[in-house]
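K.L.:
coordinates for the following, if possible.
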Amino acid sequence: MKRNLKYFFDKWWPPVLLLLVSCLIFVLSENFENEIFNAVSILLLGIGLLVILISAFYSFKRKKWMIGLFHLAIFGLTIIGIFLYVFAMFWIGLFVPDNFARNLKIPENIELEEPADTEFGNNFESVRPDSITNRIVTKTDFQLYNSFQPGLYEYDFWTNKIDSGIIYLKAFEITHEYPLTADRLSKTSSVKIYNPKDSIMKFSTTSHFTIYEGDWGQYYAARFEVWYKPDNGGSEQKLIEKNYKIEGWQR
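P.N.:
Residues are numbered from 1 along each chain as shown. Here you go, the predicted structure:
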């Protein structure tokens with residue numbers, strides 16, 4: 001093991017190759033909306049940077065000045081490159097439009113609601129209108145809210161007696177049944193739920209979730225489904241669905 005590590009750090013190319021591969025995986029991950037892949041790519045990039053930095057100081061210790069300086073330069077250039085890449089992707093996301101909703105038509109023969117607006121409280125927390133949150137509810141119901149930016153949403157859910165579990169959302173563009181933010185919506189919209197009583201109880205998100213498809217000002221119709229997953233391992237079930245006029249988050 002020690003011999004392998006010594007060989008790894010004595011040569012100039014293994015740390016560079018490791019960093020190059022980790023950078024490539026990081027760039028590829030930006031094209032996949034998968035949280036696990038993104039997290040792994042960031043971890044690998046951090047490992048690659050740490051290894052080449054260690055290699056630089058190891059080379060200095062062994063008085064291999066050229067290799068040490070080379071690795072240190074690669075480390076610095078990679079940090080600058082990552083910063084420029086992230087900065088460029090940010091501005092591209094702002095100015096390159098998402099055309100997902102550009103040619104979508106909102107059907108006229110469906111019941112369609114609009115998300116209720118929220119306001120900011122004293123601590124910049126989202127405050128939902130009392131006229132909705134405090135209203136008397138007599139059956140299972142769902143209410144979608146606009147959060148602090150277009151494309152960001154919150155919700156309330158009312159239900160009577162239900163076992164311990166979680167609720168989460170599925171969303172679909174109505175005309176093509178296209179699943180919205182399918183790889184992450186179930187996680188970002190999940191809420192713990194338990195009501196041992198027959199009376200109606202309200203459950204709410206504590207932070208916003210994002211619908212990525214579309215752009216600001218490009219409205220389309222979406223069906224939101226509330227799904228329930230019991231803690232006892234029973235089968236998941238859809239509790240309610242509603243149609244809303246929404247817009248996507250401008251990345």
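K.L.:
strand partners (parallel or antiparallel) of the helix or strand containing residue 203?
P.N.:
If you go by DSSP states H and E, residue 203 is part of strand 201-204. Sheet pairing of strand 201-204 (DSSP bridges) gives strand 152-159 (antiparallel).
K.L.:
can you name the next helix or strand after the strand it pairs with?
P.N.:
Downstream of strand 152-159 (by DSSP H and E), the next one is strand 162-173.
K.L.:
tell me the helices and strands packed up against that following strand.
P.N.:
strand 178-179, helix 185-188, strand 191-195, strand 220-230 (3 or more Cβ pairs under 8 Å, 6 or more residues apart in numbering; DSSP states H and E). C-beta: built from backbone N, CA, C; applies to glycine.
K.L.:
okay, the second one in CSV with CA atoms only?
P.N.:
Extracted as CSV, the C-alpha positions of helix 185-188 are listed here (Å, rounded to 0.1, in the frame of the first residue of the first chain):
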residue,chain,number,x,y,z
LEU,A,185,-40.0,16.8,-6.7
SER,A,186,-41.0,13.9,-4.4
LYS,A,187,-38.1,14.7,-2.1
THR,A,188,-38.3,18.5,-2.1
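K.L.:
packing partners of it?
P.N.:
Helix 185-188 makes packing contacts with strand 162-173, strand 209-210 when contacts are defined by 3+ Cβ pairs under 8 Å, 6+ apart.
K.L.:
which helices and strands does the shortest one pack with?
P.N.:
Which is strand 209-210. The helices and strands touching strand 209-210, judged by 3+ Cβ pairs under 8 Å, 6+ apart, are strand 152-159, helix 185-188.
K.L.:
mind redoing it with 7 Å?
P.N.:
Here strand 209-210 touches helix 185-188, going by 3 or more Cβ pairs under 7 Å, 6 or more residues apart in numbering; DSSP states H and E.
K.L.:
average pLDDT across the helix it packs on?
P.N.:
Mean pLDDT, helix 185-188: 95.
K.L.:
buried residues of it, list them for me.
P.N.:
185, 186, 188 (16 or more other Cβ atoms under 10 Å).
K.L.:
equivalent analysis for stretch 220-232, please.
P.N.:
220, 221, 222, 223, 224, 226, 227, 228, 229.
K.L.:
quick one: contacts of it?
P.N.:
101, 104, 106-107, 110, 112, 142, 144, 157, 163-174, 180, 214, 236-246 (Cβ atoms under 7 Å, 6 or more residues apart in numbering).
K.L.:
of the residues you listed, buried ones?
P.N.:
Among these, those classed as buried by 16+ other Cβ under 10 Å are 101, 104, 112, 142, 144, 157, 165-174, 180, 214, 240, 242-244, 246.
K.L.:
about what we covered before: dump the helices and strands packed on strand 162-173 to a markdown table, plus distance to residue 73.
P.N.:
Below are those laid out as a markdown table (distance: least, Cβ to Cβ, whole Å):
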| stretch | distance to residue 73 |
| --- | --- |
| strand 178-179 | 46 |
| helix 185-188 | 40 |
| strand 191-195 | 49 |
| strand 220-230 | 49 |
